[in-house]
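coords please:
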Amino acid sequence: MKKTVNTILTPEEAYNPDVTKHTVAKLINVKVEDITEIVWKKRSIDARKNPVKIHAELDIYVNKKSDNEIFAFTPQNVTNAPEIHIIGAGPAGYFAALELIENGYKPIIFERGKCVSERKRDIALLSQGKELNTESNYCFGEGGAGTFSDGKLFTRSKKRTETQKVLNLLHRHGAVNQILYEAHPHIGTDKLPVIIENIRKTIEQAGGIIHFNDKVTDFIISGNTVKAIEINYKEIVPVQKLILATGNSASDIYELFYNKKIPLEPKGFAMGVRIEHKQELINSIQYHSKKYDHWLPPASYSITQQIDGRGVYSFCMCPGGIIVPSTTEINRTVVNGMSNSTRNSIFANSGFVVELQPADFASFGRGGVMSGIDFQSYLETLAYKKTESQFKAPAQRMLDFVQHKKSKNIPACSFMPGVVSLPLHEWLPPVIGNKLQKGFIAAGKRINGFLTNDAVITGVESRTSSPVKIVRDKEKFYHVTIHNLYPCGDGAGYAGGIVSAAIDGILTAKAVLKNFQ
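Numbering: from 1, shown residues only. The predicted structure follows:
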């Protein structure tokens, strides 16, 4: 017998497998020993008031084996198949490659950074404030920015079939079962590298080829076609179909397009700071109790509000996480956040950013389509100059920032290279700084205890998404003027996170195959 149950559970009933089994046995009036399997379909936390409840949907199998459908993914041997080239080994590039090999085409991937195992060493040196490798860091390298920046899998994409395919493929390559049913699935920075390596093995075993330390430095274009790409300023590689899957930090690609007069569009994005509280405080606020139920996961929050007619909101919230250095260029400072799978840090951090529109920076720097890139560069360089350090980040207590005071000292902070106490309220551009101050005040009124001088802000959070969109045909996905170049993912301006980038990679690969045929 199979019985589907929709119910409300206590945290222990939901997160302790033994208690779950006894609870559902009572619900469907069977013996515990007769339950052969429990398959979670959905699990979400309802923390609107105390006590916290867990909404659950489960399939209960009694004296019967699970009849769950096994996700079908059958890579073909593409060793001698038609070739399609991909620039970038992030989620957009890798999931495009998986789609190609499933359909009998050979992906050849060029990644500017290192493979994930070698990338770990560069990230360790950067996190310790010792050395920045501009081609291997938190943004560049196998797996893209998501590999070492938390691994949250939440997406607002309405493409349910592709969303489920991405989650199933991640699960197939080593992700835990929970990503298939949690309301806000998460893998963790400590687990993602193995999953990325497994995806690479799938691609290579099928006959695909992946080149690391190979940066695309030019496009050889004739008419409306890319004839070849230049690698590391020397090697010329002919291409027939080219998927461009670079992340939003690859500003050199935008520069190449701009210099070649290939159409781009300015795009709205967001910039601001990272804010860090003690996780214990966030737990007590969100779970309405100072006594933390250890069966509950570390609490998160999401803040979305309108300040003076524009969005000011939390972004990429990392419960039980740390703040990390995410610059890709010398003499710039960028911060981001991440969590391991256990989310066991004593800190909780989140981006807190202000929505910017092209009109806000239209005349900045070179003006026009590159003005957002120039504004982003300006703020990152300014943050670096204020600290006079390649690795340390400017920091300020939250309430001091709101009250226009320089912090005399900074409390304990998770940012390993270290922070420098600086008056961010004095030098952040008003379009960002003033809105953040009002946003913090508004958030403090809505969430009692959130506005506190024990919280720390660090700057700058500037890589939320691309300031530029690489214009493509809405139906065929290729660039509007270059008909064999397929821009996709976050770097092209069509995604914003692991899942949405992976989905765009899959859809782009499908468009390539359709146009190829």
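
how does this protein divide into domains?
2-62, 83-265+469-516, 268-461 (automatic domain parsing).

distance from the chain centre to the first one, please.
Taking CA atoms, centre = their mean, to the nearest Å, one finds domain 2-62 lying 31 Å from the centre of the chain it belongs to.

stretch 487-500 now?
10 Å.

any idea of the mean pLDDT in it?
If you average the pLDDT over stretch 487-500, you get 94.

next, the buried residues of it.
Residues of stretch 487-500 classed as buried by neighbour count (16 or more other CB atoms under 10 Å): 487-500. For glycine as for every other residue, the C-beta is placed from the backbone atoms N, C-alpha and C.

tell me which of those residues is nearest to Phe516?
Proximity of the buried residues of stretch 487-500 to Phe516 (CB to CB) peaks at Cys488, which lies at 15.4 Å.

for the closest one, phi and psi?
Torsion angles at Cys488 (phi, psi; degrees, to the nearest 10) stand at phi -150, psi 170.

what is the one helix or strand Lys21 maps to packed up against?
Using DSSP states H and E, Lys21 maps to helix 17-28. If you count contacts as 3 or more CB pairs under 8 Å, 6 or more residues apart in numbering; DSSP states H and E, helix 17-28 packs onto strand 2-9, helix 11-15, strand 35-46, strand 53-62.

which one of the ones you listed lies nearest to Ile196?
Taking the helices and strands packed on helix 17-28 one by one with CB to CB, strand 35-46 is closest: 25.1 Å.

list the contacts of the closest one.
The contact list for strand 35-46 (CB atoms under 8 Å, 6 or more residues apart in numbering) reads 4, 8, 14, 17, 20-21, 24-25, 52-66, 68, 177-178, 180-184, 296-297.

could I get the buried residues of stretch 487-500 as JSON lines with distance to Leu379 and secondary structure?
Formatted as JSON lines, the buried residues of stretch 487-500 follow (distance: CB to CB, whole Å; DSSP: H, G, I helix; E, B strand; the rest coil):
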{"residue": "Pro487", "distance to Leu379": "25", "secondary structure": "strand"}
{"residue": "Cys488", "distance to Leu379": "27", "secondary structure": "coil"}
{"residue": "Gly489", "distance to Leu379": "24", "secondary structure": "coil"}
{"residue": "Asp490", "distance to Leu379": "19", "secondary structure": "helix"}
{"residue": "Gly491", "distance to Leu379": "19", "secondary structure": "helix"}
{"residue": "Ala492", "distance to Leu379": "22", "secondary structure": "helix"}
{"residue": "Gly493", "distance to Leu379": "19", "secondary structure": "coil"}
{"residue": "Tyr494", "distance to Leu379": "24", "secondary structure": "coil"}
{"residue": "Ala495", "distance to Leu379": "23", "secondary structure": "coil"}
{"residue": "Gly496", "distance to Leu379": "19", "secondary structure": "coil"}
{"residue": "Gly497", "distance to Leu379": "22", "secondary structure": "coil"}
{"residue": "Ile498", "distance to Leu379": "25", "secondary structure": "helix"}
{"residue": "Val499", "distance to Leu379": "28", "secondary structure": "helix"}
{"residue": "Ser500", "distance to Leu379": "25", "secondary structure": "helix"}
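
quick one: which of the residues you listed is nearest Pro423?
Nearest to Pro423, judged by CB to CB, of the buried residues of stretch 487-500 is Gly496 at 31.1 Å.

who's in contact with that closest one?
For Gly496, the contact set (CB under 8 Å, 6+ apart) comprises 464-465, 490.

just to revisit the earlier point, buried set for the helix holding Lys21?
19-21, 23-25.

tell me who's in contact with the closest residue to Ala442 other than its chain neighbours.
Among residues not flanking Ala442 along the chain, Gln305 sits closest, at 5.4 Å (CB to CB, 6 or more residues apart in numbering). Gln305 is in contact with 311-313, 439, 442-443, 446, counting by CB under 8 Å, 6+ apart.

narrow these to those that are buried.
Buried subset of those (neighbour count, 16+ other CB under 10 Å): 311-313, 439, 442-443.

contact partners for Ala89?
Going by CB under 8 Å, 6+ apart, Ala89 touches 109, 111, 113, 141-144, 200, 210, 212.

what's the closest of the residues you listed to Gly247?
Out of these, the member with the shortest distance to Gly247 (by CB to CB) is Gly144, at 5.2 Å.

got the contact list for that closest one?
So Gly144 contacts 88-93, 247, 501 (CB under 8 Å, 6+ apart).

cutoff 10 Å now
Going by CB atoms under 10 Å, 6 or more residues apart in numbering, Gly144 touches 88-94, 111, 113, 138, 196, 245-249, 489-491, 498, 501-502.

can you check Asp67 too?
By CB under 10 Å, 6+ apart, the residues touching Asp67 are 2, 37, 39, 59, 61.

what about it, which helix or strand?
Asp67 is part of no helix or strand, with elements assigned from DSSP H and E.

helices along the stretch 301-450 of the chain, start to end?
Assigned by DSSP state H, counting those that start in this stretch, the helices in the stretch 301-450 of the chain fall at 358-361, 371-387, 398-402, 424-427, 430-446.

what residues of the fourth one count as buried?
The neighbour-count check on helix 424-427 (16+ other CB under 10 Å) flags 424-425 as buried.

counting by contacts, list what that helix packs against.
Contact here means 3 or more CB pairs under 10 Å, 6 or more residues apart in numbering; DSSP states H and E; on that basis helix 424-427 packs against helix 371-387, strand 393-397, helix 398-402, helix 430-446, strand 456-461.

distance from the third one to the middle of the chain?
Per CA atoms, centre = their mean, the displacement of helix 398-402 from the mean C-alpha position of its chain is 28 Å.

I'd like the average pLDDT over the helix holding Lys21.
For helix 17-28, the mean confidence score works out to 95.

likewise stretch 183-194?
Stretch 183-194 comes out at a mean pLDDT of 90.

got it, and stretch 85-92?
Averaged over stretch 85-92, pLDDT sits at 97.

could you do stretch 338-355 as well?
Stretch 338-355 comes out at a mean pLDDT of 95.

turn the helices and strands packed on helix 17-28 into a markdown table, columns for distance to Asp122 and mean neighbour count.
Output for these, formatted as a markdown table (distance: least, CB to CB, whole Å; neighbours: other CB atoms under 10 Å):
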| stretch | distance to Asp122 | mean neighbour count |
| --- | --- | --- |
| strand 2-9 | 44 | 14 |
| helix 11-15 | 36 | 19 |
| strand 35-46 | 36 | 16 |
| strand 53-62 | 40 | 18 |
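
of those, which is nearest Tyr105?
Of all those, strand 35-46 comes closest under CB to CB, at 34.3 Å.
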